[in-house]
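Undergrad: What shape does this take:
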Amino acid sequence: MTNRLFIGNISYQTQESDLQTEFANFGVVKSVKIITDRDSGRSKGFGFVEMETASEAQEAIENLDGKSIDGRPIRVSQARERKFS
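TA: Numbering: from 1, shown residues only. Just a heads-up that it's a prediction; the model follows:
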């Protein structure tokens, strides 16, 4: 199990600090990154959160997947390693 989580369906108004606050309820948050468009700087609607331990990550998945933040139900799952070919 990994400590890195994929967060999908993020509202364009949601800030990294908002995710930090939500995920901190389930353990130590090591990093938060909302992915933005390189040209416009606008959120692409997804991001990543890294928790301190795998058990904290699992607890965050169980409690936050489907929770509404800024009017949108976020999707929380384990991040998969990106494969380059």
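Undergrad: how would you label the residue nearest the centre of the chain: helix, strand or coil?
TA: Note on the chain: the residue nearest the mean C-alpha position is I7, at 3.5 Å, using Cα atoms, centre = their mean. Here I7 is recorded as strand under DSSP: H, G, I helix; E, B strand; the rest coil.
Undergrad: so it bridges to which residues?
TA: G47, V76 (DSSP bridges).
Undergrad: Where do the helices of the protein begin and end?
TA: With DSSP state H, the ranges of helices along the chain come out as 16-24, 54-64.
Undergrad: Any chance of TSV for these, columns mean pLDDT?
TA: Listed next are the helices of the chain as TSV, based on pLDDT from 0 to 100:
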stretch	mean pLDDT
helix 16-24	97
helix 54-64	97
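Undergrad: For these, could you give me TSV that also reports mean neighbour count and distance to S31?
TA: To be clear about C-beta, it is placed using only N, CA and C from the backbone, and glycine gets the same treatment. Below are these laid out as TSV (neighbours: other Cβ atoms under 10 Å; distance: least, Cβ to Cβ, whole Å):
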stretch	mean neighbour count	distance to S31
helix 16-24	17	9
helix 54-64	17	12
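Undergrad: Pipe the ones you listed into CSV and attach distance to D37 per row.
TA: Listed next are those as CSV, based on distance: least, Cβ to Cβ, whole Å:
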stretch, distance to D37
helix 16-24, 15
helix 54-64, 25
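Undergrad: just so I know, which of the ones you listed lies nearest F46?
TA: When the helices of the chain are ranked by distance to F46, counting by Cβ to Cβ, first place goes to helix 16-24 at 11.2 Å.
Undergrad: Kindly format the C-alpha coordinates of the closest one as PDB.
TA: Extracted C-alpha coordinates of helix 16-24, given in PDB (Å, rounded to 0.1, in the frame of the first residue of the first chain):
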ATOM      1  CA  GLU A  16      -4.500  23.100  -1.700                       C
ATOM      2  CA  SER A  17      -5.000  24.500   1.800                       C
ATOM      3  CA  ASP A  18      -8.600  23.200   1.800                       C
ATOM      4  CA  LEU A  19      -7.400  19.700   1.000                       C
ATOM      5  CA  GLN A  20      -4.700  20.000   3.600                       C
ATOM      6  CA  THR A  21      -7.300  20.800   6.200                       C
ATOM      7  CA  GLU A  22      -9.700  18.000   5.200                       C
ATOM      8  CA  PHE A  23      -7.000  15.300   5.100                       C
ATOM      9  CA  ALA A  24      -5.200  16.400   8.300                       C
END
